[in-house]
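Visitor: Turn this into a model:
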Amino acid sequence: EEPVSSYQFCPIEYPGRIPHYSYFLSKSFVHEIQITNQIPLSKAIVHFKGEKIELLLLLKKLSAKLLIDRYAIIGYGANTCPGRLIEKNIFNLPVVKASIKDVDVVYTLEKTSYGVVPATIVESPNTLTEIWVSFLDEEQLRKMDKSEGRMGSYYDLVKLKNYLITFPNGRILSPAYAYVANRRGIALKDGKPIALKSIQAKNRKYYAMYEREMLKTNSTCERGESKQFLEFEILTLENELKKFEETL
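Guide: Residues are numbered from 1 along each chain as shown. A predicted model of the protein is given here:
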């Protein structure tokens, strides 16, 4: 159990400090979630205010939506940083560490209004990348949509095709949703995306940089289109999203 202040978002260190474990984000603290193989996520144990409690019971105790009433959305950039989530007024949120196969996290071409080069995802055969999955309720999803500029000029919420996302308990996430920088464009160097060095990945194919390096390089990059580097379907209506199903 750590204070959120330990994970404040700093743009120059994008995507910010991220816990190395699955966590439950309350308004002031980051609480570790212990997940056991072959045990449903709702029965995972949360370290909450000096006690150990099942996630299902904690959500009920806080009068928060259960996992089956939430949307499982892949996070890979600043949306995995507790401090950034709190800035978006999103809390009482389970965030589960997972892995995605054949995908890597790379830089977009355009900077944000607060001066960072943000991330998106692309296909990368045989690469296994560390990601987090946020379980957003309907109100939290609306806040995330607004902050990501969904249906505007920044990110689209998409359904990923043919990529394997695995939770620590062995469960496969399907369907898989993520925000993708479909409108920003991907930063290319010699025709290839540039990966985020701060994100852990095995068998990485692309050259990787830290944010400080990318800020100096971004202006010389070429533009790539997300649809050329990733298979996805853009979601335009709320009823196109399915809520999480708790099965193994």
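
Visitor: strand partners of the lengthiest strand in the chain, parallel vs antiparallel please.
Guide: Using DSSP state E to define each element, the chain has its longest strand at strand 119-136. Sheet pairing of strand 119-136 (DSSP bridges) gives strand 71-75 (antiparallel), strand 93-107 (antiparallel), strand 201-202 (antiparallel).

Visitor: Looking at the ones you listed, which is nearest to residue 219?
Guide: Taking Cβ to Cβ, strand 93-107 is the member of the strands paired with strand 119-136 nearest to residue 219, at 12.4 Å. C-beta: built from backbone N, CA, C; applies to glycine.

Visitor: now the closest one, how far from the centre of its chain.
Guide: 6 Å (Cα atoms, centre = their mean, to the nearest Å).

Visitor: ok, the closest residue to residue 16 other than its chain neighbours to residue 191 distance?
Guide: Among residues not flanking residue 16 along the chain, residue 81 sits closest, at 3.4 Å (Cβ to Cβ, 6 or more residues apart in numbering). Per Cβ to Cβ, to the nearest Å, residue 81 is found 30 Å from residue 191.

Visitor: now do residue 2
Guide: Taken as Cβ to Cβ, the span from residue 2 to residue 191 is 42 Å.

Visitor: List the backbone torsions phi and psi for the residue lying closest to residue 240 once chain neighbours are set aside.
Guide: Closest residue in space to residue 240, ignoring its immediate chain neighbours: residue 159 at 7.6 Å, by Cβ to Cβ, 6+ apart. Main-chain torsions, residue 159, degrees, to the nearest 10: phi -100, psi 120.

Visitor: Can you report how many residues lie near residue 159?
Guide: Each residue near residue 159 was counted by other Cβ atoms under 10 Å, and the total is 16.

Visitor: How about residue 180: which residues does it bridge to?
Guide: Here residue 180, judged by DSSP bridges, has bridge partners residue 156.

Visitor: Now do the contacts for the residue nearest to residue 240.
Guide: 175, 176, 177, 232, 233, 235, 240 (Cβ atoms under 8 Å, 6 or more residues apart in numbering).

Visitor: Tell me the one of those nearest residue 7?
Guide: Distances from residue 7 to the contacts of residue 159, taken by Cβ to Cβ, are shortest for residue 177, at 23.8 Å.

Visitor: From residue 72, how far off is the closest one?
Guide: 7 Å.

Visitor: before we move on, what about residue 4?
Guide: Residue 4 is 22 Å from residue 72, by Cβ to Cβ.

Visitor: Out of the contacts of residue 159, which one has the lowest pLDDT?
Guide: Least confident entry in the contacts of residue 159, by pLDDT: residue 240, with 84.

Visitor: and that one, how many neighbours?
Guide: Neighbours of residue 240 under the rule other Cβ under 10 Å: 13.

Visitor: now residue 83
Guide: Neighbour tally, residue 83, other Cβ under 10 Å: 19.

Visitor: can you pull the contacts of it?
Guide: Per Cβ under 8 Å, 6+ apart, neighbours of residue 83: 4, 5, 7, 8, 9, 16, 17.

Visitor: In which helix or strand does the residue nearest to residue 218 when sequence neighbours are not counted reside?
Guide: Excluding the flanking residues, the one nearest residue 218 by Cβ to Cβ, 6+ apart is residue 117, at 5.2 Å. According to DSSP states H and E, residue 117 maps onto no helix or strand at all.

Visitor: wait, residue 117 sits on residue 111?
Guide: Yes: Residue 117 lies in contact with residue 111 (Cβ atoms under 8 Å); the separation is 5.6 Å.

Visitor: joint contacts of those two?
Guide: residue 218.

Visitor: neighbour count winner among these two?
Guide: residue 117 (24 against 15).
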